[in-house]
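S.K.: Following is a predicted model, sequence given first.
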Amino acid sequence: MLSEQKVIITTLSMLLFYFIFINNSFASNLDKDPDVQIFINEMVKQHNFNKNELESLFSQVKIKQKILDAISRPAEKSKAWHEYRKIFLTPKRINQGVKFWQDNSDIIEYAEKTYGVAPEIMVSIIGVETFYGRLQGSYRVMDALSTLAFKYPKRSKFFRGELKHFLIMSKEQKFDPLSRKGSYAGAMGMGQFIPSSFQSYAIDFDGDGEKDIWSNNADAIGSVAHYFKRHGWKKGQPVTDQLQLNKKNTIKSKDGCRRSCKLKLIVADFKQKGLQGETSVDDKTPAILLILKQKSGKEYWLGYNNFYVISRYNHSTLYSMAVYQLSQEIKQAYEAEKRLKK
């Protein structure tokens, strides 16, 4: 009987160890992986890295199954708009957005003057991405990018490129690659820039000699504004309008944009298909159609150039609409508080 108990305990212990092993992370001798060796040799030849240092670095990298699981089930793919919306448009996120704006009003005003990007959009992006810097991610960026670069064949080429950018930026910015944490996809800082975006759009907005998007609000805000400006944000132009269907409706589900659609049609085209109502632009304005599922039925929105620019940050139209609607709630609450203080 005692022997049987030992066998059961031993078996359970092994199962527990296996569960932890699979569901968390494991050292994989990644430095010995043939693909990693090819990558290391490229970094040595093309970017003057030290081979021994890179091998030492990759020997400390951990492959994480949780990262592979997370990237295989992004939230917006499994949620209707009414479910996705309530994640981000909460009283707490709106109130904290007002506070973030108030606390950083001088920086935000300067960023608006410099790049022409609406203040509420800068605030909303940081609010959606990291709850105003509070939730920047718990994965080591080196682990995340290496896991996806070498263990996720579907997008390995993309993530190898991001890993290259990350190592180059760590060298330029003089930080230990193992010291930075971010999302499961390797996005970093308050605005969650992937490494290639950091290299292209992160700026030293306060002039202190560093590009610190992790803890420096000025650099984080300025970098988001710079990103939007470079992607074509037009100052003072509208983002969306909500319309209704008329009786001659010929709108079909395929007419709706789901992921960063280009502006191929104009407002008049959608009106001919059955949309009606006042718009903040003329009928010749390029637009995309958004069909959003609420509990009570479908909503129909037209998105314009500035909506498309938001979608360059994250290609999901649900994400883009969440950013826009949160920005409007924050702006309304911020302006209401300003009036009360007068």
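M.R.: That came in fine, so what should we check first? Numbering: from 1, shown residues only.

S.K.: dump the residue contacts of N249.
M.R.: Residues in contact with N249 (CB atoms under 8 Å, 6 or more residues apart in numbering) are K273, G274. In this view, the C-beta of every residue, glycine as well, is placed from N, C-alpha and C.

S.K.: for N314, same thing?
M.R.: Taking CB under 8 Å, 6+ apart, we find N314 in contact with S320.

S.K.: Okay, it and R73: tell me how far apart.
M.R.: As judged by CB to CB, to the nearest Å, N314 and R73 stand 16 Å apart.

S.K.: so where do the strands sit in the stretch 51-200 of the chain?
M.R.: 62-64, 139-140, 181-182 (DSSP state E, counting those that start in this stretch).

S.K.: Dump those strands into JSON lines; add mean pLDDT, mean neighbour count and distance to V98 as well.
M.R.: Output for these, formatted as JSON lines (pLDDT from 0 to 100; neighbours: other CB atoms under 10 Å; distance: least, CB to CB, whole Å):
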{"stretch": "strand 62-64", "mean pLDDT": "95", "mean neighbour count": "19", "distance to V98": "36"}
{"stretch": "strand 139-140", "mean pLDDT": "98", "mean neighbour count": "22", "distance to V98": "30"}
{"stretch": "strand 181-182", "mean pLDDT": "97", "mean neighbour count": "21", "distance to V98": "26"}
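
S.K.: Can you redo those as a markdown table, where the extra columns are distance to A202?
M.R.: Output for those, formatted as a markdown table (distance: least, CB to CB, whole Å):
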| stretch | distance to A202 |
| --- | --- |
| strand 62-64 | 25 |
| strand 139-140 | 19 |
| strand 181-182 | 13 |
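
S.K.: Of these, give the one that comes closest to G127.
M.R.: strand 181-182 (17.4 Å; CB to CB).

S.K.: quick one: contacts of that closest one?
M.R.: Against strand 181-182 from outside (CB under 8 Å, 6+ apart): Q136, G137, S138, Y139, R140, V141, A144, M188, G189, Q192.

S.K.: again, but for stretch 265-285
M.R.: With contact meaning CB under 8 Å, 6+ apart, stretch 265-285 is reached by 238, 241-246, 248-251, 255, 286-289, 300, 302, 304.

S.K.: quick one: buried residues of it?
M.R.: Across stretch 265-285, burial judged by 16 or more other CB atoms under 10 Å covers L265, I266, V267, F270, K271, K273, G274, L275, T279, V281, T285.

S.K.: Adding secondary structure, distance to G207 and pLDDT, write those out as a markdown table.
M.R.: Output for the buried residues of stretch 265-285, formatted as a markdown table (DSSP: H, G, I helix; E, B strand; the rest coil; distance: CB to CB, whole Å; pLDDT from 0 to 100):
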| residue | secondary structure | distance to G207 | pLDDT |
| --- | --- | --- | --- |
| L265 | strand | 44 | 96 |
| I266 | strand | 43 | 97 |
| V267 | helix | 43 | 97 |
| F270 | helix | 46 | 96 |
| K271 | helix | 49 | 95 |
| K273 | helix | 51 | 93 |
| G274 | coil | 53 | 93 |
| L275 | strand | 48 | 96 |
| T279 | coil | 42 | 97 |
| V281 | coil | 38 | 98 |
| T285 | coil | 38 | 98 |
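
S.K.: I'd guessed A225 sits against P119; true?
M.R.: No: look at A225 against P119 with CB atoms under 8 Å: they stay out of range, at 9.1 Å.

S.K.: Those two: which is more packed in?
M.R.: A225 (30 against 21; other CB atoms under 10 Å).
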